[in-house]
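J.: sequence-free structure coming up:
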């Protein structure tokens, strides 16, 4: 009889995975938390960069103050007349004035420019032969796109996207950079806008820019734009249409610019995460076949940027969430010693994500679990059970997953290494999911004790150990828990493994040797046995 972990949802893929153990809900939640942390950092950096860019005049001179909004609003009709002039010099000067006023604009100023019907004219000027007018017009439209969704709609409706994509082929690099910036803003506005920009054909010229251009600001903006295109909202674009990005990403992973590296890793994290449209195993296979893994392992061990290291760790966690073959390929790349060192990392998010990554490997095969045990990962995992709540939870997932797939000898080894006591300590935490993990893990270990009754004097030594750790009292209290699932799980454990007359009547000197401080003992055959 096997004991199923009642809260471990199945990993709904059709290939080789052992379906009972990979926790998709936990996987998605952990992925979402990582993305929110990384994207929050990128948003802060991007807004700071945007602010500097808006306040910097195009001629390179020092920024100057600009009139108050009311004065700006009153000047719009005059500049609008010049904007529509046939005199190219007046047009150029007018576009520059609109760019300056929008650099410091509130939504009120943006709204006034849109309401004046000037957006189609700025879009028209993207096609003129004067690269300075192209540049200034693109900058104006970029600033308008920083307004409300309605302002973005006005820019898109005027036909801006196809013309901006054409400008990405310009020989004037400042025009290319501004076009990319504008398109990235539009693609990042919503799922509909991302899909529209993608369908208009932005990806191919964007990849060409990334391959041919080494200017740092262009490369940063281009990778950021690619991130906005390759973000599940909630789905990725069709994989057949975007799989060509992997060769470009392979080159970007060797960048010395941490901003480029971080966005590159976030793109790879998006490619390798669970999405609604499925196809995860195919995407993981493509990433592994593109030979990105050696560089990812190197970055995991050597990255000096904390956000980059965390993003790489997230990618690795995604990769080992694939099938057994894919997981083994990542393990074979030298992953486990690095995970061992990361479990001692001072940053909570790193330790938490490391525990989550190990939990995915522990949901694989008993051979993979043996590699985990041989890499001495169990002891630091047990220590993480006593860490902060977030770290504790993922460590509990890892050990519970391990117990669910372990052979009998592996379970005995885990019990002898002191897992019982810390799992009993989890029975008092407030999180119902952690309580379920603790009860499930104890069930697996109590079953081992039950199977060893013939060799341990006629009683369940693990049950005695649970009692000595205070676990029995804690399980009994869980019968009053407000969660029906926790209550029923506690009842099942008590009914299956604990008989008060057997536990209380056991003679102390018949028990196997135990270290009550470490909650460890050795399974031993009774005296006189072969």
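T.: Sure thing, it's come through. Worth saying up front: this structure is predicted, and the values here are computed from it rather than measured.
J.: Report the contact partners of the closest residue to residue 147 other than its chain neighbours.
T.: With CB to CB, 6 or more residues apart in numbering as the measure, residue 110 is the residue that lies nearest to residue 147, at 4.1 Å, once sequence neighbours are left out. C-betas here are computed from N, CA, C, even on glycine. Taking CB atoms under 8 Å, 6 or more residues apart in numbering, we find residue 110 in contact with 102, 143, 144, 146, 147, 148, 151.
J.: Next: residue 371.
T.: Per CB under 8 Å, 6+ apart, neighbours of residue 371: 331, 336.
J.: That one and residue 129: what is the separation?
T.: 64 Å (CB to CB, to the nearest Å).
J.: hang on, the earlier thing: can you say which helix or strand has the residue nearest to residue 147 in it?
T.: helix 107-115 (DSSP states H and E).
J.: average model confidence for that helix?
T.: Taken as a whole, helix 107-115 has a mean pLDDT of 87.
J.: Now do residue 260, the pLDDT please.
T.: Reading off the model, residue 260 has pLDDT 96.
J.: That one touches residue 218, doesn't it?
T.: No. Assessed by CB atoms under 8 Å, residue 260 is found out of contact with residue 218, at 10.8 Å.
J.: doesn't residue 176 make contact with residue 167?
T.: Yes. Between residue 167 and residue 176 there is a contact at 6.7 Å, judged by CB under 8 Å.
J.: how close does residue 345 get to residue 292?
T.: Distance from residue 345 to residue 292, by CB to CB: 23 Å.
J.: ok, the two, which is more surrounded?
T.: Set side by side, residue 345 and residue 292 show more neighbours around residue 292, with 21 against 17, by other CB atoms under 10 Å.
J.: how close does the residue lying closest to that one once chain neighbours are set aside get to residue 132?
T.: With sequence-adjacent residues excluded and distances taken as CB to CB, 6+ apart, residue 292 is closest to residue 250, at 5.6 Å. Residue 250 sits 36 Å away from residue 132 when distances are taken as CB to CB.
J.: what does residue 354 give?
T.: 51 Å.
J.: Pick out whichever of the two has more residues nearby.
T.: Taking neighbours as other CB under 10 Å, residue 354 and residue 132 compare with residue 354 leading, 31 against 15.
J.: Now do the phi/psi pair for residue 82.
T.: When read as degrees, to the nearest 10, the backbone of residue 82 gives phi -70, psi -30.
J.: Which stretches in the chain count as strands?
T.: 514-515, 520-521 (DSSP state E).
J.: Next up, the contacts around the nearest residue to residue 426 once chain neighbours are set aside.
T.: Using CB to CB, 6+ apart and skipping the chain neighbours, the partner closest in space to residue 426 is residue 438 (3.7 Å). Listed by CB under 8 Å, 6+ apart, the contact set of residue 438 reads 396, 400, 423, 424, 426, 427, 429.
J.: Just the buried ones out of those, please.
T.: The neighbour count (16 or more other CB atoms under 10 Å) marks 396, 400, 423, 424, 426, 427, 429 as buried among the contacts of residue 438.
J.: Filter those residues down to the ones in helices?
T.: Using DSSP state H, 396, 400, 423, 424 are the members of the buried ones among the contacts of residue 438 that sit in helices.
J.: Pretty sure residue 284 sits against residue 319.
T.: Yes. Counting by CB under 8 Å, residue 284 touches residue 319, with 5.8 Å between them.
J.: what residues do the two have in common as contacts?
T.: Common neighbours of residue 284 and residue 319 (criterion: CB under 8 Å, 6+ apart): 272, 326.
J.: how near is the residue nearest to residue 292 to residue 293?
T.: Counting by CB to CB, the separation of residue 250 from residue 293 is 10 Å.
J.: between these two, who's got more neighbours?
T.: residue 293 (20 against 16).
J.: give the contact list for that one.
T.: Counting by CB under 8 Å, 6+ apart, residue 293 makes contact with 287, 319, 329, 330, 333.
J.: what does residue 76 give?
T.: Neighbouring residues of residue 76 by CB under 8 Å, 6+ apart: 101, 112, 113, 116.
J.: Name the residues of the helix holding residue 110 that are buried.
T.: Here helix 107-115 shows 109, 110, 111, 112, 113, 114 as buried, counting by 16+ other CB under 10 Å.
J.: and if you look at stretch 369-382?
T.: Using 16+ other CB under 10 Å as the test for burial, stretch 369-382 gives 369, 371, 372, 375, 377, 378, 380, 381, 382.
J.: What's the end-to-end length of it?
T.: Counting by CA to CA, to the nearest Å, you get 15 Å between the two ends of stretch 369-382.
J.: Look at the residue lying closest to residue 223 once chain neighbours are set aside and say how many residues are nearby.
T.: Sequence neighbours aside, residue 263 is the residue nearest to residue 223 in space, at 4.3 Å (criterion: CB to CB, 6+ apart). Neighbour count for residue 263, taken as other CB under 10 Å: 28.
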